[in-house]
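>>> Here you go, sequence then predicted model.
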Amino acid sequence: MRASRYFLVLPQLGRQAVSTLSLACCLALLAHGSQAVEPSATPVTRQSVAPAADSMVQRNSKAKPTAPATQRATVGDSSRLNSTRPTLAQAAEASATAQQAPPLANQPRVKPKRKTAAKPPQVQLLPQADSQRADSQRADPRQAELLARQTADRVRELLLRARRSAAGGRLTEPSTENAAALYQEVLALDPMQTEALAGVERIVAVLTREVEFAAVAGDKARARAYVAQIRSLQPAAGALLELDARVQALEASPVSLSTRQQDRYSLSAQSIDRAKRYLDNQPLDLRTIDQALDEYDRAAALAPSAPGLPLLKERITVLFPEATRRELAGDNSKRALKLVETARQRGWSTAELDPLEAEAKATMRPGRYDTTFAECPDSVAQACKQAPLR
C-alpha cells in the first residue's frame, strides 16, 4: 500500500528521475518491509516523500555529466507534456462520476418521432376554375345525349340487317350474319327493344318446331343442333327441359323408318330446297311467293313433319310484306292486295301487312278491283267483276 503511494509523485518528475525514484522505492520497501503488517499511523504524503526524492535527484545530477542544451530542452518539453495529463484525483473523480451514472441498459428508451408526410396546401378555386367546372358539368348531358343518338342509330342499323337476314332465311346460319345474332346484339345495347325481343321469341318458336319434326323423323343430329341454338338464345327457356328429354329418348330408342317413309322425307326435302331457290330469285313479287308456296304445300303433303318446313314457313311469312311493298312500288295495288289476302288465309299475316293493305286500297283505281275482294265499292261493282287479275 505504501509502495503505491510513492508512485503519486511520478507524474510530477521528469524522465531523468525515473530510474532514481525506482531505486529509492526499492530501498524504502526493504527498509520498511518488517513494518508492512503494522502500518504507520502517519500516512506517507507527497510532502514527506518529496525531500528524499529531491536529495536523490541532486546526488544523481552530481554523478552524471550535464546534458546538452538540446537534451535539456527536450526534458523541459516532456515535463510540459506531462503537466497536461490528468492527475489521479481527476481520474478518480471521472471514475466516480461514471459509476454514479445509470447504465445505458436501465435508461428509458426514447422512441424516435415518426416523420409524417406534409399535407398538400389547400388550393382555393378561383372564379375561373369554378366556371370551368360548371362548363364540364354542363357538358355531361350533351355527351349523354350524343351517346344516346349513336346507340339509337346503331340499333336501327342492326334491326335493318336482322330483317334482311330473316327475309333471306338466315335465322341462325351463317354464324357471322344471321337474324338471331343481330337481335342479340340489339338487346345488348337496349335490353327492352320490342322488335328484337319479338324476333328472338319468334326464332325460338321456329327452332322448337324444328326439334319436334326432327325427332319424329329420327334425325338426332339435327335435333341436338337446334336444341343447342335455343339454349344459346334463351338459356332459361321453359321448353328446354322437354326438348332435352325428347332428344335423350330419341338417342335411347332411335326411330326406325320404313323405305316408303324415307322416300317421302327425301322428296319433301327436295321440294323445300326448290322453294328456297325460288325465294332467292329477284325481284321478289307475287309470282315468286306463289311458286314458293306451291313447293311448300307439296313438301307438307309428302311429309307433314318434314324437317325444314318450319324454317321455310317463317321465311315466307317474313317475305310477304316485302313482296307487297314491291307490288305497290310497281303500281300493282291489286297484286299487293292479293298477297295480303293469301297471308291472312294461311294465318301467316303480320302487323306489317295492315298499313300496306290500307295503302293498296287507297291507291286502288276504279276498274282494277277483283271479285275476290269484298271491299269493292258498289259504284265499281261491275268493274270489279270484269277487271282481269294482273
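Here it is on my side, so go on. Everything numeric in this text was worked out from a predicted model, so none of it was measured.

>>> looking at the protein, which helix or strand is least sure?
Within the chain, no helix or strand scores below helix 381-386, which has a mean of 43 by mean pLDDT, DSSP states H and E.

>>> Now Pro310: which helix or strand?
Using DSSP states H and E, Pro310 maps to helix 309-329.

>>> Which elements pack onto the helix or strand following that helix?
Counting by DSSP H and E, the next helix or strand C-terminal to helix 309-329 is helix 333-346. For helix 333-346, the contact count by 3 or more C-beta pairs under 8 Å, 6 or more residues apart in numbering; DSSP states H and E identifies helix 286-302, helix 309-329, helix 353-362 as packing neighbours. Every residue, glycine included, has its C-beta placed from N, CA and C.

>>> Return the most buried member of those.
Mean neighbours per residue, mean count of other C-beta atoms under 10 Å, is largest over the helices and strands packed on helix 333-346 for helix 309-329, with a mean of 21.

>>> can you state the direction angle for that one and helix 286-302?
Relative orientation of helix 309-329 versus helix 286-302 (axes from the mean of the first three to the mean of the last three C-alpha atoms, to 10 degrees): 160 degrees.

>>> Now helix 309-329 - C-alpha only, CSV.
C-alpha atoms of helix 309-329 as CSV (Å, rounded to 0.1, in the frame of the first residue of the first chain):
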residue,chain,number,x,y,z
LEU,A,309,-90.8,-26.9,-93.0
PRO,A,310,-91.0,-24.6,-90.0
LEU,A,311,-88.0,-22.6,-91.2
LEU,A,312,-89.4,-22.3,-94.7
LYS,A,313,-92.8,-21.1,-93.4
GLU,A,314,-91.0,-18.5,-91.3
ARG,A,315,-89.1,-17.2,-94.3
ILE,A,316,-92.2,-16.9,-96.5
THR,A,317,-94.1,-15.1,-93.7
VAL,A,318,-91.3,-12.6,-93.4
LEU,A,319,-91.2,-12.1,-97.2
PHE,A,320,-94.9,-11.3,-97.5
PRO,A,321,-94.6,-7.6,-96.5
GLU,A,322,-91.5,-7.2,-98.7
ALA,A,323,-93.3,-8.6,-101.8
THR,A,324,-96.3,-6.4,-101.1
ARG,A,325,-94.1,-3.3,-101.0
ARG,A,326,-92.6,-4.2,-104.3
GLU,A,327,-96.0,-4.6,-105.9
LEU,A,328,-97.1,-1.2,-104.6
ALA,A,329,-93.9,0.4,-105.9
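
>>> which other helices and strands contact it?
helix 127-167, helix 194-217, helix 259-280, helix 286-302, helix 333-346, helix 353-362.

>>> now the angle from the last one to helix 333-346?
Computed by the same axes, to 10 degrees, the angle separating helix 353-362 from helix 333-346 equals 140 degrees.

>>> Make 131 the first number, not 1, from now on.
Happy to do that; since the first residue is 131 now, the last one works out to helix 483-492.

>>> got the contact list for helix 483-492?
With contact meaning C-beta atoms under 8 Å, 6 or more residues apart in numbering, helix 483-492 is reached by 450-451, 454-455, 458, 463-464, 466-467, 470, 473-474, 505.

>>> Could you tell me how far the closest residue to Leu458 other than its chain neighbours is located from Ala488?
For Leu458, ignoring the flanking residues on the chain, the nearest one in space by C-beta to C-beta, 6 or more residues apart in numbering is Ala466 at 4.9 Å. The gap separating Ala466 from Ala488 is 11 Å, by C-beta to C-beta, to the nearest Å.

>>> quick one on the thing from earlier: now tabulate the helices and strands packed on helix 463-476 in JSON lines and tack on distance to Ala369 and mean pLDDT.
As requested, the helices and strands packed on helix 463-476 are exported to JSON lines (distance: least, C-beta to C-beta, whole Å; pLDDT from 0 to 100):
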{"stretch": "helix 416-432", "distance to Ala369": "23", "mean pLDDT": "95"}
{"stretch": "helix 439-459", "distance to Ala369": "14", "mean pLDDT": "93"}
{"stretch": "helix 483-492", "distance to Ala369": "28", "mean pLDDT": "92"}
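
>>> For Thr302, which of these is the nearest?
helix 439-459 (8.9 Å; C-beta to C-beta).

>>> Over to stretch 457-471 now: how far is its first residue from its last?
14 Å (C-alpha to C-alpha, to the nearest Å).

>>> then stretch 363-374 to CSV, C-alphas only?
Output of stretch 363-374 as CSV, limited to C-alpha atoms (Å, rounded to 0.1, in the frame of the first residue of the first chain):
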residue,chain,number,x,y,z
LEU,A,363,-80.7,-17.7,-77.5
GLN,A,364,-82.7,-18.3,-74.3
PRO,A,365,-80.8,-20.2,-71.6
ALA,A,366,-83.9,-20.1,-69.4
ALA,A,367,-86.5,-21.1,-72.0
GLY,A,368,-89.2,-23.3,-70.5
ALA,A,369,-89.3,-25.7,-73.4
LEU,A,370,-85.7,-26.7,-73.0
LEU,A,371,-86.4,-29.4,-70.3
GLU,A,372,-89.0,-31.1,-72.6
LEU,A,373,-86.8,-30.8,-75.6
ASP,A,374,-83.8,-32.3,-73.8
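
>>> which parts of it are buried?
363-364, 367, 369-370, 373 (16 or more other C-beta atoms under 10 Å).

>>> just stretch 466-486 next, same as before
Neighbour counts using 16+ other C-beta under 10 Å place 466-473, 478-479, 483, 486 of stretch 466-486 among the buried residues.

>>> Just give me the closest of those to Ala399.
For the buried residues of stretch 466-486, the nearest to Ala399 is Trp478 (21.5 Å; C-beta to C-beta).
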